[in-house]
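>>> Here is a sequence together with a model predicted from it:
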Amino acid sequence: DQQVKQNSPSLSVQEGRISILNCDYTNSMFDYFLWYKKYPAEGPTFLISISSIKDKNEDGRFTVFLNKSAKHLSLHIVPSQPGDSAVYFCAASVMGVQGAQKLVFGQGTRLTINP
Amino acid sequence: GAVVSQHPSWVICKSGTSVKIECRSLDFQATTMFWYRQFPKQSLMLMATSNEGSKATYEQGVEKDKFLINHASLTLSTLTVTSAHPEDSSFYICSARDLLAAFNEQFFGPGTRLTVL
């Protein structure tokens, strides 16, 4: 049961243009959403997050939009830079056993920025 | 920023042997650490959540007797893959939550590549 889905395994964007990565989820109990960037053979690094009570959060070139009614969120990167090329994971936070928030990850989208 | 290290970064072992992977929070205290595994081109799958001083909580389908987790201090958690088999070959990643940081923020280690021959 894939509760967090990233339906696009890959995305290619021209440098300077906007990159839009999408994520859908099924569990309405998720209360926080996060985007991580990951390079091969490395752990994920945190990019940006959004609480379920908000619909937008912006940090520099990165903006995350949340549409709760559609159970959909997206990450916008503008302008896109070659260094943004990586795999991007969407993650959702939910209360687990023992009261610890745990993360459920999507499958990831490989973003390639072309010069 | 918060740094999490893992050791070793890669390991190759024979089938039937046990392998221990360490996860350390270097500049912060972590009451909770998480262990994930990632197969090629797939998502990170949470294996277990460990709290310092108590037993780990395993996700459904993860064998606790095969993947032993010890969280002995606020800066160290270990994952031991017992009697490893080729199907255990994977990329294992730990993360730690800073006691003082944002509620949902987890910091990830660089991962350990395990290859079982």
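Thanks, I have the structure now.

>>> C-alpha only now, for contacts and for neighbours.
Will do.

>>> Now do the helices in chain B.
Counting by DSSP state H, chain B forms no helices at all.

>>> Poorly predicted segments of it, please.
B:1, B:101-104 (pLDDT under 70).

>>> need the residues of chain A near chain B, please.
Counting by C-alpha under 8 Å from any C-alpha of the partner chain, chain A comes close to chain B at A:32, A:41-46, A:89, A:93, A:97-98, A:100-108.

>>> one more time with 6 Å
For chain A, the residues in contact with chain B (C-alpha under 6 Å from any C-alpha of the partner chain) are A:Glu42, A:Gly43, A:Gly106, A:Gln107.

>>> next one: phi and psi at the third one?
Just to be clear, that refers to A:Gly106. A:Gly106 adopts backbone torsions of phi -80, psi -180, taken as degrees, to the nearest 10.

>>> Now do the same contact list for it.
A:Val4, A:Lys5, A:Gln6, A:Phe89, A:Cys90, B:Ser43 (C-alpha atoms under 6 Å, 6 or more residues apart in numbering or on different chains).

>>> Select only the buried ones of these in ChimeraX?
If you want just the buried ones from the contacts of A:Gly106 in ChimeraX, going by 16 or more other C-alpha atoms under 10 Å in any protein chain shown, the selection is:
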select /A:4,5,6,89,90 /B:43
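
>>> Relative to B:Tyr92, how far out is the nearest residue to A:Lys37 once chain neighbours are set aside?
Excluding the flanking residues, the one nearest A:Lys37 by C-alpha to C-alpha, 6 or more residues apart in numbering or on different chains is A:Tyr88, at 4.6 Å. Applying C-alpha to C-alpha, to the nearest Å, the value for A:Tyr88 to B:Tyr92 is 18 Å.

>>> rewinding a little: before we move on, what SS does the residue nearest to A:Lys37 have?
strand (DSSP: H, G, I helix; E, B strand; the rest coil).

>>> was I right about it contacting A:Thr109?
Yes. Counting by C-alpha atoms under 6 Å, A:Tyr88 touches A:Thr109, with 5.2 Å between them.
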